[in-house]
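A.B. asks: Here is the input, now give the coordinates:
(one chain, ligands or ions: 1)
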Amino acid sequence: MSMKTRVPLLAGNWKMYKTVSESVSFARDLVNACRAVNGREVLVCPPFPSLTSVKEITKGTGIRLGAQDLHWEMQGAFTGEVSAPMLKDAGCDYVLIGHSERRQYFGETDDTVHKKMKAAFQHGLLPVVCVGESLAERESGSHLSVVDRQLRVGVSGLTAQESLRLVIAYEPVWAIGTGKTATPDQAQEMHASIRKILGDLYEKSAAEKIRVLYGGSIKPDNIDSLMAQPDIDGGLVGGASLKVADFERIVRYRDV
Ligand code: 13P
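C.D. replies: Residues are numbered from 1 along each chain as shown. Down below sits the predicted model:
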């Protein structure tokens, strides 16, 4: 048994998959599959149009709801954007921020990540801030310093209270959707480094409470060895979160 005191968080990022009716039927199956899951938190992050329907189904179950992005302003003339109060009212508990696909295809930066994170806390949403290096950065040996910079700009400036509730997701870009998972040792090295940086930014005791998730080609057959690492507190799952049986097995990982 591990000595972790942090409640593990297993999160599914559905990305741009599932219509509203597909989301509804999937959520019903998932509620059944996740009965009697104890001691770990389960989160699903469907596309915006599905949020309220999925909320109807997951309400009163242990499954939490998250959005995949938000805008930092409360409201305004920002066509196509969605704000924190809107997501909160739609039933969201969490919101993903700064996913590498948002950084890569939609120009998000550490500064926008920071603004979005502050807006999330201000309106009662818990941010899951995503960080991670590219393949070129890993190969040149700069992965630790890249993530260091992403964190120092992205997640600075929280109150002590807020810092305790922050969630970080380490997702190496080269492992996302590629079937190439980081080894447990590679992930653990980065997670330990992330926790050390969080200890510099906040109290060391706060850093011990912040959950750091791993993401990138998590599958039923690699979740157990990842979760066995001392600083891995959960997973952010893409492809494998779209299949009930796979996601159920991930949620029910064996704590070895
Ligand atoms: P995959 O699990 O499909 O590699 O995606 C990971 C991810 O980007 C989750 O946010």
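A.B. asks: Tell me the residues of the stretch 151-256 of the chain that contact the ligand?
C.D. replies: Where the stretch 151-256 of the chain comes near the ligand, counting by Cβ under 6 Å from any ligand atom, the residues are 171, 176, 177, 215, 216, 217, 218, 236, 237, 238, 239, 240. C-beta: built from backbone N, CA, C; applies to glycine.
A.B. asks: one more time with 5 Å
C.D. replies: Residues of the stretch 151-256 of the chain lying near the ligand by Cβ under 5 Å from any ligand atom: 176, 177, 215, 217, 236, 238, 239.
A.B. asks: Quick check: residue 61 vs residue 28, distance?
C.D. replies: According to Cβ to Cβ, to the nearest Å, residue 61 stands 11 Å off from residue 28.
A.B. asks: Out of the residues of the stretch 151-256 of the chain next to the ligand, which end up buried?
C.D. replies: Neighbour counting by 16 or more other Cβ atoms under 10 Å classes 176, 215, 217, 236, 238, 239 among these as buried.
A.B. asks: Looking at those, which is nearest residue 76?
C.D. replies: Distance to residue 76, by Cβ to Cβ, is smallest for residue 236 among those, at 29.5 Å.
A.B. asks: Please enumerate the strands of the stretch 51-200 of the chain.
C.D. replies: 63-67, 94-97, 126-131, 167-170 (DSSP state E, counting those that start in this stretch).
A.B. asks: What residues does the residue nearest to residue 129 when sequence neighbours are not counted make contact with?
C.D. replies: Using Cβ to Cβ, 6 or more residues apart in numbering and skipping residues adjacent in sequence, the residue nearest residue 129 is residue 97, 5.0 Å away. Listed by Cβ atoms under 8 Å, 6 or more residues apart in numbering, the contact partners of residue 97 are 69, 70, 113, 116, 117, 120, 127, 128, 129, 130.
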